[in-house]
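1. coordinates for the following, if possible.
(chains A and B)
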Amino acid sequence: MQKIFRTLLAIDRRIIFLVIFLAVSIPIFLRMKIDIKVTREVQIFYDAIEALPTGSRVLITFDYDPGSEPELQPMAEAGFRHIIRNRVKFIIMGLWPQGPMQANKALAVMNEVREGFIIEDGDSLVFGRDLIVVGPDTIRYGRDFLNLGFQAGNEAVIQRMGSSVEAAFANDARYGRPIESYPIMNGLNKLSDFDFIFNLSAGYPGTVEWVQFAVDRFHVACGAGNTAVQAPQVYPYLDTGQLSGLMGGMKGGAEYEKLTGFKAKATMAMVSQTAAHIFVVLFIVIGNLAYFMTRGRGDKKSLL
Amino acid sequence: MGFWDTFGIWAAALLTIGIVSFLYRDNPVYKFCEALFVGISAGYWFVSLYYQNLLPKLFDNLGITRMLGLSQEDGAFQHLLSGQYDEHIWYVLAGILAIMMLLRLIPKIGWISRWPLGVVVGTTAGLYMITYFQSNFLSQLQNTVIPLIDIGRIRGLSAVSGNVTADMYFAAYLGNIVLILGTLTGLVYFYFSKEHKGALGGAAKVGIYFLMITFGASFGYTVMSRMSLLIGRLYFLFGDWLGLVR
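-> Now for the predicted structure:
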């Protein structure tokens, strides 16, 4: 028995990597499904979006880059679909340079008409750029949604938006026109004019800053989607009511997909994630068991 | 799918494999991919910050691009010369601070870079002084000062119908007790003015268990996050690249 435990402790780490690789890969090919239980924090977020009246304006802040895409992109896509379905208008921005591009990517994935154009009000509107078609809904750039782009300055940008959105973002990111020229900006001057903030965050600047400046200072309700690494840091804001809902990691995204009915990437990945977690726990248990069973017996150096 | 889309997918796939090859052992391919990633990231940040901030906010607003013939629009310098006040002139201060920051590249006068750094630190401290106190201290404190336990309410809830059950309330109260216990014992652990002996030592020991559980939960979330990234990459390799899954 001692020999087995010693062998387990000295196992090549590459074997562990291989096991994890297989644990994640096999469910992808087998297309296995798992029942996803919706947690309270995701339900709160979903309810907050559902409670927004038609025509409300939501600020969606993309504070992440492609490195966090597997966790946050499913939330972004489900969020867009949810918001569009509820006829809510949205304005995109980012405190991370690549953030608004992640928004464009999510919109491109959802758009169902990729070619062609129409003439409306004398303007030539191109599908995929000015018009996004999602199921029965067609949203128009400038009227139903707007991309403000990235702005450097971290929390100072939020602070600035508190008194004037235009001061922080003079022009939009897509056409470089003054933002007040777009109908969606009518009567929307400062942060507190937004009905809700949906923050997708992978670190600093992110949810913590939005809570501290937008929620506590300018009293705008904010719900967040976070990477799993960041989620424990922002959980305290949920219990105090500073956050109106929280989605943590890919699991949070899968729960949100279940609630919205748009089952996609996060839902598909749940079996892989569960399998990987089972093996990680198994390795931790075996490692600890082997360590305690061999502790103080024989040559310790051989264990290192 | 166009040529550049295909090229992008192949490049991303090969670079992913190159980075993952480190799991087997350190190798030149990994080193190349790592260096490429760092270089591209730095380049991307530079270009992005230049075109989205330096150019429009500093050079355009001040009228430097106009002076150089790169823009047709007048800036603050041109407006001032024609007798008009332009609030954008204040960007000069930001420009001076930026230049001062770069002086650290010259060792002899590198000390000048401490001044803009002081401005950054001071501004950040000023911004956070009230907000941090409100968001991370007062609000959290308020949420910790809660009823420890309310036996009468729990008994009364035994006949509760609907979604909210007595068990849920009981769990909430149990949570309150754990919250208060964890907060107090956690604080005791960080109280170093008296030796951790007797009751104080016991409380500190409970405190450290709470801290360990907290760190364990955070670590668990970190593992979950890394697994999600792995899943994302494998979906890309098996789906977008190899076309084995859709």
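
2. could you look up the SS state of residue A:242?
-> Assigned by DSSP: H, G, I helix; E, B strand; the rest coil, the conformation of residue A:242 is coil.

3. so it touches residue A:215, yeah?
-> Yes - with contacts counted by C-beta atoms under 8 Å, residue A:242 reaches residue A:215, the gap being 5.3 Å. (Glycine included, C-beta is placed from N, CA and C.)

4. tell me the pLDDT at residue A:40?
-> Looking at residue A:40, its pLDDT stands at 91.

5. separation between it and residue B:109?
-> Relative to residue B:109, residue A:40 is positioned 57 Å away (C-beta to C-beta, to the nearest Å).

6. contacts only, for residue A:254.
-> A:36, A:74, A:266, A:267, A:269, A:270 (C-beta atoms under 8 Å, 6 or more residues apart in numbering or on different chains).

7. quick one: it and residue A:71, what's the gap?
-> Per C-beta to C-beta, residue A:254 is found 11 Å from residue A:71.

8. just residue B:13 next, same as before
-> 20 Å.

9. for the two, indicate the residue with more neighbours.
-> residue A:71 (33 against 16; other C-beta atoms under 10 Å in any protein chain shown).

10. name the residue of chain A that lies nearest to chain B.
-> residue A:70 (2.4 Å; C-beta to the nearest C-beta).

11. can I assume that residue sits in a helix?
-> Yes - applying three-state DSSP, one finds residue A:70 inside a helix.

12. what about it, how many residues nearby?
-> For residue A:70, the count of nearby residues is 26 (other C-beta under 10 Å).

13. ok, residue A:35 next?
-> 6.

14. A strand includes it, no?
-> No - under three-state DSSP, residue A:35 sits outside any strand and is assigned coil.

15. what's the pLDDT at it?
-> On pLDDT, residue A:35 comes in at 91.

16. what sits up against stretch A:104-122?
-> By C-beta under 8 Å, 6+ apart, the residues outside stretch A:104-122 that reach it are A:73, A:76-77, A:80-81, A:124-128, A:131-135, A:140, A:147.

17. list only buried entries from these.
-> Among those, the ones that count as buried by 16 or more other C-beta atoms under 10 Å in any protein chain shown are A:73, A:76-77, A:80-81, A:125, A:127-128, A:131-134, A:140, A:147.

18. just after the worst-scoring helix or strand of chain B on mean pLDDT, pick out the following helix or strand.
-> Sorting the helices and strands of chain B by mean pLDDT, DSSP states H and E puts helix B:151-156 at the bottom, at a mean of 57. Per DSSP states H and E, the first helix or strand lying C-terminal to helix B:151-156 is helix B:166-189.

19. CA atoms of that following helix as CSV?
-> Coordinates of each C-alpha in helix B:166-189 appear next as CSV, following Å, rounded to 0.1, in the frame of the first residue of the first chain:
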residue,chain,number,x,y,z
ALA,B,166,-39.1,27.6,7.1
ASP,B,167,-35.9,25.8,6.1
MET,B,168,-34.9,28.6,4.0
TYR,B,169,-35.3,31.1,6.8
PHE,B,170,-33.5,28.8,9.2
ALA,B,171,-30.6,28.6,6.7
ALA,B,172,-30.6,32.4,6.5
TYR,B,173,-30.4,32.7,10.3
LEU,B,174,-27.7,30.1,10.4
GLY,B,175,-25.9,32.1,7.8
ASN,B,176,-26.2,35.2,10.0
ILE,B,177,-24.6,33.4,12.9
VAL,B,178,-21.8,32.1,10.7
LEU,B,179,-21.3,35.6,9.3
ILE,B,180,-21.1,37.2,12.7
LEU,B,181,-18.9,34.5,14.1
GLY,B,182,-16.6,34.6,11.0
THR,B,183,-16.3,38.4,11.1
LEU,B,184,-15.5,38.5,14.9
THR,B,185,-13.0,35.6,14.9
GLY,B,186,-11.4,36.8,11.7
LEU,B,187,-10.8,40.2,13.3
VAL,B,188,-9.5,38.5,16.5
TYR,B,189,-7.0,36.6,14.3
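
20. buried set for that helix?
-> Quick answer for helix B:166-189 (16+ other C-beta under 10 Å): B:169, B:173, B:176, B:180, B:182, B:183, B:185, B:186, B:188, B:189.

21. before we move on, what SS does residue B:1 have?
-> When the rule is three-state DSSP, residue B:1 gets the label coil.

22. ugh, wrong one, residue A:90
-> Residue A:90 is classified as strand under three-state DSSP.

23. for chain A, what's its nearest residue on chain B.
-> For chain B, C-beta to the nearest C-beta, closest residue to chain A: residue B:232, 2.4 Å.

24. surely that residue is in a strand?
-> No - read with three-state DSSP, residue B:232 is helix and lies in no strand.

25. does it touch residue A:68 like I think?
-> No - taking contacts as C-beta under 8 Å, residue B:232 lies outside contact range of residue A:68: 9.2 Å.

26. compare neighbour counts for those two and give me the winner.
-> The neighbour comparison of residue B:232 against residue A:68 (other C-beta under 10 Å) goes to residue A:68, with 27 against 21.

27. what sits against the closest residue to residue A:219 other than its chain neighbours?
-> Excluding the flanking residues, the one nearest residue A:219 by C-beta to C-beta, 6 or more residues apart in numbering or on different chains is residue A:192, at 6.2 Å. Residue A:192 makes contacts with A:162, A:218, A:219, A:220, as judged by C-beta under 8 Å, 6+ apart.

28. what residues does chain B put near chain A?
-> B:23-24, B:44-45, B:48-49, B:52-53, B:123, B:127-128, B:131-132, B:134-136, B:139-140, B:142-143, B:214, B:217-218, B:221-225, B:227-235, B:238, B:244-245 (C-beta under 8 Å from any C-beta of the partner chain).

29. narrow these to those in helices?
-> B:44-45, B:48-49, B:123, B:127-128, B:131-132, B:139-140, B:142-143, B:214, B:217-218, B:221-225, B:227-235 (DSSP state H).

30. then residue A:73 would be within a helix, right?
-> Yes - assessed with three-state DSSP, residue A:73 lies in a helix.
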